[in-house]
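Asks: one predicted model, sequence on top.
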Amino acid sequence: MESPRNSTYCLLSDGDLHFLPYQDVSRAGGLPYHSFLASKTMSSLAASATASQPNSGSDMESQSASGSSSLCEGVPGTHSLQMSALLNRYATHALYLPNIYIEPSNTGNHEETKKMLCTIFPHWNDESQISVKQFTGGITNMLLECTMYHQNTESHEKVLVRTYGRGTGMIIDRDREFVSHLVINSVNLAPPIHARFGNGLVYGFIEGRSLEFTELADERLYPLIAAKLGQWHQQVQVDAIEECLAKLRREFRGSKPESNASDLWSVISNWIQLLPEIEGITSSCTQNIDIREVQDPQASLVDVLRAELAWLRSQLNSKSPLVASHCDLLSGNVIISEDLSQKLETGLSASEMEYYMQHNPISFIDYEYMVKAPRAFDISNHFMEWQGFNCERHRIPKAETSNRLLREWCAAYLGMRDADDDKNAIDDLISEISLHYGLPGFYWGIWSGIQSGISLIDFDYSRYAGERIQEYWDWKRRFRTQTPGPHF
């Protein structure tokens, strides 16, 4: 099957992904849904990414009541009825512009980006009114904050434009990232995604700030983070992501998908094949040869790690529900509102905390590594991030049922008001999490080893890879001996 070359609307409606051609409708004789979707794209700029309920489609219902047939005027018979039904179940959409590529720039020349934005947003018709702030840039990646100022209304609209980093296609499935973002946005747990272009994304800007890693343990914040992650795992349907992804690949990739990794285990398996034999990991594996599944000192690093992966899977399989996991919930990917940030400085009363628990101001961003995975992996992976990049392990919460902090975190995750509401459920979740405490180190150790060979960022990935893989060995040593007590 030959991939289509035209730009396309990717429309999520009634849990299913649909494709509508995006063309210059003034020359195409008028495709009436075009103006509706273009308008909807901009209205979604103001949509809340922290709402607790899925998109209701109330604006669509009012549109339908006023005459949804007008949306399909001029579209013949059966197609008109199908289009009306499709739009009436509208949840979210994004443009797919496969032939547009934006080169990362160190010069501040962003004319190509501005031109693309005027294509995505038709009423952004004056490139001179678009200002661009560059957060990161260079030959590896680029993140831009783009603001359109409307002089007639003295208002502005803001989006983010991100180009993919150098070599990241080796370890990140960009089709999956795009579809995941659409599905998450459809239940109001992510900012709108406006477009995917050839080498990047355009998506909504969330006002607020990201956390520092030391703030993850803040007793005023971790219940909100836990509750939000619990909401994610309940509301984001992992099967919907898989079904929409398969449909996208059939439409644009034919029989050649970007990746065949459909879950955490297959992702790690693929990564192991890409891993060079770097000092940080090989040294750690040698030091722990006594507990390796392959104890032959001449065995390759790939053989050693593949055997460990098989062992891990045999121990953890079916021990935790599979969910749509974020898989990268470090502090930089947790955003808090400006209001909450100010309250943390001035003091947060009990009533204000209760309000925030009811109207959670936490948002999660960056869905590059989202995949089907055990919920306990997503949770334990988040706890590992409490240590920061310097691997200060003493900051990781101890995986014990006697740990009051962990009990409170789990209670918030499970939607309980108090850590004493259902002691058995919390005990079970802590045991589930403890069982997965070694997996994040294994996962990120391998990832860091790959990064040491492809990244131009000034960071000692080899050292970090060794630190993270050692977490796994330390966990495994305690697991094998069944030593009571915390894993770290």
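Replies: Thanks, I have the structure now. Numbering: from 1, shown residues only.
Asks: does Cys10 touch His93 like I think?
Replies: Yes. Between Cys10 and His93 a contact is recorded at 6.1 Å, counting by C-beta atoms under 8 Å. Where you see a C-beta, it was placed from the backbone N, CA and C, and this is true even at glycine.
Asks: overlap in contacts of those two?
Replies: Common contact partners of Cys10 and His93 (C-beta atoms under 8 Å, 6 or more residues apart in numbering): Leu182.
Asks: before we move on, which element is Ser448 in?
Replies: helix 439-454 (DSSP states H and E).
Asks: can you identify the element that follows that helix toward the C-terminus?
Replies: Past helix 439-454, the next helix or strand by DSSP H and E is helix 461-481.
Asks: related to what we said a few turns ago, can you name every helix or strand that the helix holding Ser448 contacts?
Replies: helix 264-274, helix 279-287, helix 301-316, helix 375-384, helix 461-481 (3 or more C-beta pairs under 8 Å, 6 or more residues apart in numbering; DSSP states H and E).
Asks: CSV for these, including mean neighbour count and mean pLDDT?
Replies: Below are the helices and strands packed on helix 439-454 laid out as CSV (neighbours: other C-beta atoms under 10 Å; pLDDT from 0 to 100):
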stretch, mean neighbour count, mean pLDDT
helix 264-274, 18, 96
helix 279-287, 18, 95
helix 301-316, 17, 97
helix 375-384, 25, 98
helix 461-481, 20, 95
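Asks: make CSV out of the ones you listed and add distance to Glu177.
Replies: Shown next, in CSV, are these (distance: least, C-beta to C-beta, whole Å):
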stretch, distance to Glu177
helix 264-274, 13
helix 279-287, 26
helix 301-316, 23
helix 375-384, 16
helix 461-481, 22
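Asks: and the residue most central in space within the chain, how far is that from Ser180?
Replies: Centroid-nearest residue in the chain, with C-alpha atoms, centre = their mean: Tyr367, separated by 1.6 Å. Separation of Tyr367 from Ser180 (C-beta to C-beta, to the nearest Å) stands at 5 Å.
Asks: and Ala376, by the same measure?
Replies: The separation that Ala376 has from Ser180, given C-beta to C-beta, amounts to 20 Å.
Asks: so what's Ser7 closest to, chain neighbours aside?
Replies: Nearest non-adjacent residue to Ser7, counting by C-beta to C-beta, 6 or more residues apart in numbering: Tyr22, 4.4 Å away.
Asks: residues near that neighbour, how many?
Replies: When neighbours are defined as other C-beta atoms under 10 Å, Tyr22 has 21 of them.
Asks: for the stretch 51-200 of the chain, what are the low-confidence residue spans?
Replies: Counting by pLDDT under 70, the ranges of the stretch 51-200 of the chain that qualify are 51-81, 136-141.
Asks: wait, which of the helices and strands packed on helix 439-454 is closest to Ala85?
Replies: helix 375-384 (34.7 Å; C-beta to C-beta).
Asks: after that closest one comes which helix or strand?
Replies: The helix or strand immediately downstream of helix 375-384 is helix 404-413, counting by DSSP H and E.
Asks: what's next to the helix or strand just after that next one, contact-wise?
Replies: Counting by DSSP H and E, the next helix or strand C-terminal to helix 404-413 is helix 423-435. For helix 423-435, contacts defined as C-beta under 8 Å, 6+ apart pick out 315-316, 319-320, 375-376, 379-380, 383, 399-401, 403, 406-407, 410-411, 413-414, 416, 419, 487.
Asks: ranges for the strands of the stretch 51-200 of the chain?
Replies: Secondary structure of the stretch 51-200 of the chain (DSSP state E, counting those that start in this stretch): strands at 90-97, 130-136, 142-150, 155-163, 193-197, 200-204.
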